[in-house]
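J.: The following comprises the amino acid sequence and a computationally predicted model.
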Amino acid sequence: MDKIAVDAMGGDFAPLEIVLGAIQAVREWKIPVVLVGDEEQIRPILVQNHEDKNPLIEIHHASEVIEMGEHPGMAYRKKKDASVSVGARLVKSGECGALVAPGSTGAAVTAGLLGIGRIRGIERPAILTPIPNQKGGYTYLIDSGASAQPKVETYVQNALLGYIYATKVAGIAHPKIGLLNIGEEITKGSPLVAEANEILRNQNVIPFAGNAEGRDVMTGEFDVVVTDGFTGNVVLKFGEGAGKLVASLLKDAVYKGGILAKIGGLLLKPALKKYMVKRLDYAEYGGAPLLGIKGGLLICHGASKAKAIKNAIHMAEDVCREHLDQIVMDTLKQMKTE
């Protein structure tokens with residue numbers, strides 16, 4: 001089993017919650033981890049939790065941290081001993097199979113691109129984000145923020161990356177791949193999107209199912225929805241805002257609806273917490289993989305706590321086990337020979 005490097009200094013609650021999440025992953029799944037960061041801060045947490053002698057937990061000291069407000073590219077080049085940079089080098093060297101990186105998305109993408117490196121033939125790596133859908137599963141949105149200036153090839157390669165993840169990691173035997181657009185018709189959309197649609201329709205490797213509209217992201221009509229990083233990030237943030245709005249409206253309706261509404265709200269609360277809130281909680285899957293690089297990288301929310309880190313480590317182990325980078329390289333060769 002590959003070791004998973006964990007940036008123990010990334011995010012709002014580092015290093016405590018990051019280390020606790022790693023401990024939970026080791027205890028539950030026996031996944032070996034390397035905690036990257038300030039050893040003087042990390043080791044006492046391990047001691048307090050009686051895990052300082054666990055052979056599955058290592059510490060790799062790193063003296064610097066890339067903060068949320070810093071420019072990712074400049075900070076990555078300047079801070080050679082930053083925890084996320086050191087973690088990326090551990091993956092590139094083969095000492096670890098993947099990196100779990102909470103905190104700055106820009107720093108994590110930069111570490112993946114410059115520190116681990118792109119797969120030959122991939123123009124830009126892409127972030128794949130699972131979004132809960134109406135059918136009880138997830139729709140995988142790719143790209144959700146890595147590359148904001150797409151080429152036609154970007155859409156085609158994102159479709160390939162999403163397809164491989166859906167089949168190999170998510171276990172979907174025959175995934176439906178859709179291209180996000182403003183209508184179902186093949187002539188709709190920008191010239192780039194229309195050209196990408198034509199290319200996807202005329203190849204035989206990716207099971208392309210046509211254009212997907214914005215509402216399809218959450219209906220479950222498609223298993224993978226493909227777009228560029230700018231559009232994908234807007235969709236993602238809009239969804240987060242819509243979820244908060246619905247929660248606020250529900251609370252407001254209960255508060256204003258009188259005693260019966262309050263009683264109904266109390267009766268409904270356990271079911272909402274068990275079935276709805278859990279489905280919408282990002283901590284349930286932990287992180288979003290950066291695909292298209294020569295190794296695994298899971299990007300976690302800056303506010304991630306132990307549960308999210310634990311699940312991100314588990315997802316990172318899944319990515320390592322399937323050797324997605326090699327599958328991507330082999331599939332690219334197959335597409336070129338068509």
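T.: Yes, it's here. From a predicted model like this one, the values you see are computed outputs, not experimental measurements.
J.: I would like the residues contacting stretch 321-335, please.
T.: Contacts to stretch 321-335, defined as Cβ atoms under 8 Å, 6 or more residues apart in numbering, come from residues 2, 119-122, 160-161, 164-165, 168-169, 203, 205, 291-296. Backbone N, C-alpha and C define where each C-beta goes, glycine included.
J.: make it 6 Å
T.: With contact meaning Cβ atoms under 6 Å, 6 or more residues apart in numbering, stretch 321-335 is reached by 119, 121, 164, 168-169, 205, 294.
J.: and A308, what element?
T.: Element membership for A308, per DSSP states H and E: helix 306-322.
J.: Next secondary structure after that helix?
T.: Taking DSSP H and E, what comes next after helix 306-322 is helix 324-336.
J.: E185: how many residues sit nearby?
T.: Around E185 there are 12 other residues, counting by other Cβ atoms under 10 Å.
J.: now the helices: where do they sit in the stretch 101-250 of the chain?
T.: Using DSSP state H, counting those that start in this stretch, the helices of the stretch 101-250 of the chain run over 105-110, 152-168, 191-201, 216-219, 229-256.
J.: Dump these into TSV; add mean pLDDT, mean neighbour count and distance to H174 as well.
T.: Supplementary listing: the helices of the stretch 101-250 of the chain in TSV, determined by pLDDT from 0 to 100; neighbours: other Cβ atoms under 10 Å; distance: least, Cβ to Cβ, whole Å:
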stretch	mean pLDDT	mean neighbour count	distance to H174
helix 105-110	93	25	30
helix 152-168	95	24	8
helix 191-201	94	17	16
helix 216-219	93	18	17
helix 229-256	89	14	23
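J.: E284: which of the ones you listed is closest?
T.: Taking Cβ to Cβ, helix 229-256 is the member of these nearest to E284, at 13.9 Å.
J.: re earlier: buried ones only from the contacts of stretch 321-335, please, as a ChimeraX command.
T.: The following ChimeraX line selects those of the contacts of stretch 321-335 that are buried, judged by 16 or more other Cβ atoms under 10 Å:
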select :119,121,164,168,169,294
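J.: What is the nearest of the contacts of stretch 321-335 to Y255?
T.: V169 (42.2 Å).
J.: Domain ranges for this structure, per the record?
T.: Using automatic domain parsing, the domain ranges for the chain come out as 1-122+282-322, 125-256.
J.: Start and end of the first one, how far apart?
T.: Between the opening and closing residues of domain 1-122+282-322 we find a distance of 11 Å, counting by Cα to Cα, to the nearest Å.
J.: next one: the last one
T.: Distances were taken as Cα to Cα; on that basis the terminal residues of domain 125-256 are 48 Å apart.
J.: Stretch 92-100 too?
T.: End-to-end distance for stretch 92-100: 14 Å, by Cα to Cα.
J.: From E17, how far off is the residue most central in space within the chain?
T.: Of all residues in the chain, the one closest to the mean position by Cα atoms, centre = their mean is A288, 0.5 Å from it. Per Cβ to Cβ, to the nearest Å, A288 is found 18 Å from E17.
J.: pLDDT below threshold where in this protein?
T.: For the chain, the stretches with pLDDT under 70 are 275, 277-278, 336-338.
J.: can I get the CA coordinates of stretch 73-91 in PDB?
T.: The C-alpha coordinates for stretch 73-91 follow below in PDB (Å, rounded to 0.1, in the frame of the first residue of the first chain):
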ATOM      1  CA  GLY A  73       2.800  30.600  -7.900                       C
ATOM      2  CA  MET A  74       5.100  33.200  -6.300                       C
ATOM      3  CA  ALA A  75       4.800  31.600  -2.900                       C
ATOM      4  CA  TYR A  76       5.500  28.100  -4.300                       C
ATOM      5  CA  ARG A  77       8.700  29.300  -6.000                       C
ATOM      6  CA  LYS A  78       9.900  31.400  -3.000                       C
ATOM      7  CA  LYS A  79       9.100  28.900  -0.200                       C
ATOM      8  CA  LYS A  80      11.000  25.800  -1.200                       C
ATOM      9  CA  ASP A  81      10.400  24.200   2.200                       C
ATOM     10  CA  ALA A  82       6.700  24.900   2.400                       C
ATOM     11  CA  SER A  83       4.700  21.800   3.600                       C
ATOM     12  CA  VAL A  84       2.600  21.500   0.400                       C
ATOM     13  CA  SER A  85       5.800  21.800  -1.800                       C
ATOM     14  CA  VAL A  86       7.700  19.200   0.200                       C
ATOM     15  CA  GLY A  87       4.600  16.900   0.000                       C
ATOM     16  CA  ALA A  88       4.500  17.200  -3.700                       C
ATOM     17  CA  ARG A  89       8.200  16.300  -4.000                       C
ATOM     18  CA  LEU A  90       7.500  13.200  -1.900                       C
ATOM     19  CA  VAL A  91       5.000  12.100  -4.500                       C
END
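J.: Go through it and flag the buried ones.
T.: 75-76, 79, 82-91.
J.: Just put those in JSON lines and tack on distance to G220 and secondary structure.
T.: As requested, the buried residues of stretch 73-91 are arranged in JSON lines below (distance: Cβ to Cβ, whole Å; DSSP: H, G, I helix; E, B strand; the rest coil):
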{"residue": "A75", "distance to G220": "39", "secondary structure": "helix"}
{"residue": "Y76", "distance to G220": "37", "secondary structure": "helix"}
{"residue": "K79", "distance to G220": "42", "secondary structure": "coil"}
{"residue": "A82", "distance to G220": "39", "secondary structure": "strand"}
{"residue": "S83", "distance to G220": "38", "secondary structure": "helix"}
{"residue": "V84", "distance to G220": "34", "secondary structure": "helix"}
{"residue": "S85", "distance to G220": "39", "secondary structure": "helix"}
{"residue": "V86", "distance to G220": "40", "secondary structure": "helix"}
{"residue": "G87", "distance to G220": "35", "secondary structure": "helix"}
{"residue": "A88", "distance to G220": "35", "secondary structure": "helix"}
{"residue": "R89", "distance to G220": "39", "secondary structure": "helix"}
{"residue": "L90", "distance to G220": "37", "secondary structure": "helix"}
{"residue": "V91", "distance to G220": "33", "secondary structure": "helix"}
